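K.L.:
Pasting a predicted model and its sequence here:
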Amino acid sequence: MSEGEHQLQRHDGRPLLSLRNVGRAFPGAKVLQEVDLDVHPGEFLAIVGPSGSGKSTLLNILGLLDTPSSGTYLLHGEDIAAVRTKQRAELRGRVFGFVFQESNMVGRDSTARNAVLGLRARGIAPKTQAQLLVPALRRFGLEHRRNTPASMLSGGERQRLAMARAVIGAPEVVLADEPTGSLDSANGQIVVDHLRELHRSGTTVILVTHDPGLAASADRIVTMQDGWIVGDTGSCEPARTAAGTDPAPAGHRPGLVRRRRHEIVDLTADALSALTLRPAKALLLVLAFLLGSGGLGAAVGLSESAAIKVSTRLDVEAHDEVKVSRKTGYSSWEAVRSDVSSVLALPGVVDAGVVADLPASEVQPSTFRPGSLPAPDAFNGAVRVADSAYLRTQGVAVRYGDTALLDQSFGRPVALIGLDAARQLGVGRPGPGVVLWLYGQPVPVVGLIEEPGRDPVLSGAVVVGVGSYPMTSKMAAQVVVRTQPGAPAAIAEALPKALDPAATDTVDVQTVADLRDLKHGINTDLGRLVAIVSVILLAIASLSAGTTMYVGVLARSAEIALRLALGMRRSTVAAMFLVEGAVVGVLGGAAGATVGIFAALAYASSEGWVPILPDYTASWGILAGLLSGILSAVYPAVIASRANPAQLIRS
């Protein structure tokens, strides 16, 4: 339809707005009752009446901020009840301009951004916004204040800015609710003059006021009482322009077309503006996601490093080591030595040693003679029986002594102790007179285990030689076999027959496959632990961030309702908060990934591990932050999108 056809349609005698039997009820009150009202294009209509008479509610319904409980509302002859919510937002932004009593500005934004808020809410191109901005500000005497934050304007300036915002998109109807209620007489007169000018230019003006003088400036006065229209001075002729022609159709300027891409750009800019102008809130949100994503990054890095450490050690042992024992245990040390001799006779065997554990609660290692002092703290390390061959197979390094002393003890026990065990027991440097009490008897300390090699238990262990104490019952001793590289599998298969050909099932062999199963189990457990910890951390971060954003929604309820009143779609309002959540989530995720990676590197280095950081560590942290940020914003976004813009006028 051409612009001329639009003009013909709107001035063919039909009302622009038409209400029939319209009622509006709220819980416990009926505010409007069977209202009939027609408003023609170009009218200047004042609605008057005492407080509570239903004036603002009627204005809300006319401006599509509220819906009637009963009756029919026609806009350009179209029943509004049949219009979907999305189209109502489009009509509200295009047909109506709003001037509220309190002006309702976004205080953190400049005068210029507030003036074009309605255009931004409608997804109008930035180029078009710029073209319309300067004439609108100049018209209302605000051009010199374009960069001033709205919060710094005077009351009169804010109300003039509200009028500039209302008319910048060339609406067909300007709805003004007590526009002079909070102004002094001078500023109030300025607002009245601007309303008259709007009317003369062809804009339909509907005014709600308590002021009889302001109402007298209108061409038609409707009086309300207890929700009823009790007086109407009648319809009047539309205003003519200065040239005497019909007013041009409003709301259809070229370029005032909603574009989704412009909506996205503007909602993103508004989301970033809200974050940068509330740095404390933004910082709290970023820190919340930093903790969650940082924990994820650190957990991934540490689990991978630990898994590689464990896997490397198991792979080394699986490459040249086999362990064999008797399922029923050994009844004497001679039987153990016999098995060692049989093992050493196998081709491919490099060395073989013996290890067994004694119960520390029975041995009771101590540096003090039993009974000489009150009961000391119980020793929490291990007590092991081993020969020098076992220590060789493990790559043990000894300080102040020789591992061969375990095999040549001259008829009495001697002990080697790990560094951790020495610290617990209070043993410094071994030497003459340095003894441990084992089984209530003194045992000379002949060396310190400085490096435990493959057996980390030795760091906190007391080690005595094979045969130091007689066996009083079956002992679960183990023969540890060092093989040529690649030979463990073949030797493991031969061991049962070599040790007991008649009863091979009594021989227990720990094979390469066993170690690989153990490695897989360890890696699986670490992965599961990482997943659980990460989920907990991210859940806590999302919950705290969601709470903060929800509080932010409540604090910005007036701003949200204003955006909806000016034509922003509910989906766009929700998207604005989702973008806020996504931005802080990504920032927190990136910061958390960085912190987590450095934490994992530092800890791995302190433990002597080779730091392993998968390529996906940083991206996982950022992605986790992004998803958590969006998730935390879902509920606040839903609440924001359901805001009732009519609350602006009612409040």
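P.N.:
Arrived safely, thanks for sending. Predicted model, so just to flag it, every value in this text is computed and none were measured.
K.L.:
And what about residue 231, helix, strand or coil?
P.N.:
At residue 231, secondary structure determined by DSSP: H, G, I helix; E, B strand; the rest coil is strand.
K.L.:
got a list of what it touches?
P.N.:
By C-beta atoms under 8 Å, 6 or more residues apart in numbering, the contact set of residue 231 is 221-223. Every residue, glycine included, has its C-beta placed from N, CA and C.
K.L.:
6 Å - rerun?
P.N.:
residue 223 (C-beta atoms under 6 Å, 6 or more residues apart in numbering).
K.L.:
what does residue 300 give?
P.N.:
residue 617.
K.L.:
tell me which element it falls in.
P.N.:
Per DSSP states H and E, residue 300 falls inside helix 279-320.
K.L.:
Going toward the C-terminus from that helix, what's the next helix or strand?
P.N.:
strand 321-326.
K.L.:
So for that following strand, mean pLDDT?
P.N.:
Taken as a whole, strand 321-326 has a mean pLDDT of 91.
K.L.:
Neighbouring strands - and their directions - for it?
P.N.:
For strand 321-326, the paired strands and their directions (DSSP bridges) read strand 478-483 (antiparallel), strand 507-510 (antiparallel).
K.L.:
so after the first one, what's the next helix or strand?
P.N.:
Using DSSP H and E, the next helix or strand after strand 478-483 towards the C-terminus is helix 488-499.
K.L.:
Which elements pack onto that next one?
P.N.:
strand 321-326, helix 333-344, strand 507-510 (3 or more C-beta pairs under 6 Å, 6 or more residues apart in numbering; DSSP states H and E).
K.L.:
looking at those, which is buried most?
P.N.:
strand 321-326 (a mean of 23; mean count of other C-beta atoms under 10 Å).
K.L.:
contact partners of stretch 97-107?
P.N.:
Taking C-beta under 6 Å, 6+ apart as the rule, stretch 97-107 contacts 114, 150-151, 158-159, 162-163, 166-167, 171, 174-179, 181-182, 559, 562, 565, 648.
K.L.:
Please disregard the earlier target; I meant stretch 273-291.
P.N.:
108, 541, 544-545, 548, 584-585, 587-589, 591-592, 625, 628.
K.L.:
cool, stretch 117-125 as well?
P.N.:
The contact list for stretch 117-125 (C-beta under 6 Å, 6+ apart) reads 93, 129, 165, 169, 256, 258-259, 262-263, 266, 563, 566-568.
K.L.:
before we move on, what about stretch 201-216?
P.N.:
Residues outside stretch 201-216 that contact it (C-beta under 6 Å, 6+ apart) are 41-48, 55, 59, 173-177, 192, 195, 198-199, 221, 241, 247.
K.L.:
for stretch 329-344, same thing?
P.N.:
Identification of contacts with stretch 329-344 by C-beta under 6 Å, 6+ apart yields 349, 352, 354, 466-467, 471, 474-477, 479, 481, 498-499.
K.L.:
Buried members of the residues you listed into PyMOL, please.
P.N.:
Entered in PyMOL, the line below selects the buried ones among the contacts of stretch 329-344, by 16 or more other C-beta atoms under 10 Å:
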select buried, resi 349+352+354+466+467+471+475+477+479+481+498+499
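K.L.:
Redo the contacts of stretch 329-344 as TSV? Include secondary structure, pLDDT and distance to residue 340.
P.N.:
Shown next, in TSV, are the contacts of stretch 329-344 (DSSP: H, G, I helix; E, B strand; the rest coil; pLDDT from 0 to 100; distance: C-beta to C-beta, whole Å):
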residue	secondary structure	pLDDT	distance to residue 340
349	strand	93	10
352	strand	95	5
354	strand	95	6
466	coil	90	9
467	coil	86	12
471	coil	85	16
474	coil	89	18
475	strand	90	14
476	coil	91	16
477	coil	93	10
479	strand	95	6
481	strand	93	9
498	helix	92	11
499	helix	92	10
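K.L.:
if we can go back for a sec, could I get the helices and strands packed on helix 488-499 as CSV with distance to residue 423?
P.N.:
Formatted as CSV, the helices and strands packed on helix 488-499 follow (distance: least, C-beta to C-beta, whole Å):
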stretch, distance to residue 423
strand 321-326, 29
helix 333-344, 31
strand 507-510, 31
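K.L.:
Quick check: can you list the domain ranges of the protein?
P.N.:
Domain assignment for the chain by automatic domain parsing gives 41-65+86-244, 276-309+518-650, 330-476.
K.L.:
From residue 202, how far off is residue 321?
P.N.:
96 Å (C-beta to C-beta, to the nearest Å).
K.L.:
Oh, that last question was meant for residue 72, not what I typed.
P.N.:
27 Å.
K.L.:
Who has more neighbours out of the two?
P.N.:
Using other C-beta atoms under 10 Å, the more surrounded residue of residue 72 and residue 202 is residue 202, with 20 against 13.
K.L.:
element containing the more buried one, please.
P.N.:
Secondary structure from DSSP H and E places residue 202 outside every helix and strand.
K.L.:
and the gap between it and residue 45?
P.N.:
Distance, residue 202 to residue 45, using C-beta to C-beta: 15 Å.
K.L.:
Do a quick rundown of the helices in the stretch 401-550 of the chain.
P.N.:
Counting by DSSP state H, counting those that start in this stretch, the stretch 401-550 of the chain has helices at residues 419-425, 488-499, 512-555.
K.L.:
Pull the residues that contact the first one.
P.N.:
Counting by C-beta under 6 Å, 6+ apart, helix 419-425 makes contact with 367, 381, 448, 459-462, all of which sit outside it.
K.L.:
Same question for stretch 73-90.
P.N.:
With contact meaning C-beta under 6 Å, 6+ apart, stretch 73-90 is reached by 14, 18-19, 64, 567, 569.
K.L.:
Stretch 159-170 too?
P.N.:
Residues outside stretch 159-170 that contact it (C-beta under 6 Å, 6+ apart): 97-99, 103, 111, 114-115, 117-119, 132, 136, 140, 142, 174, 191, 194, 250-251, 253.
K.L.:
Sitting in helices, which of those do you find?
P.N.:
111, 114-115, 117-119, 132, 136, 191, 194 (DSSP state H).
K.L.:
of all the domains of the chain, which has the lowest average per-residue confidence?
P.N.:
Among those, domain 276-309+518-650 has the lowest mean pLDDT, at a mean of 77.
K.L.:
With adjacent residues omitted, what lies nearest to residue 150?
P.N.:
residue 105 (3.8 Å; C-beta to C-beta, 6 or more residues apart in numbering).
K.L.:
And that neighbour, how far from residue 644?
P.N.:
In this view, residue 105 and residue 644 are 20 Å apart by C-beta to C-beta.
K.L.:
who has more neighbours, those two?
P.N.:
Ranked by neighbour count (other C-beta under 10 Å), residue 105 and residue 644 place residue 105 first, with 25 against 15.
K.L.:
That one belongs to a strand?
P.N.:
No - secondary structure of residue 105 (three-state DSSP): coil, not part of a strand.
K.L.:
separation between it and residue 635?
P.N.:
Look at residue 105 and residue 635: by C-beta to C-beta, they are 27 Å apart.
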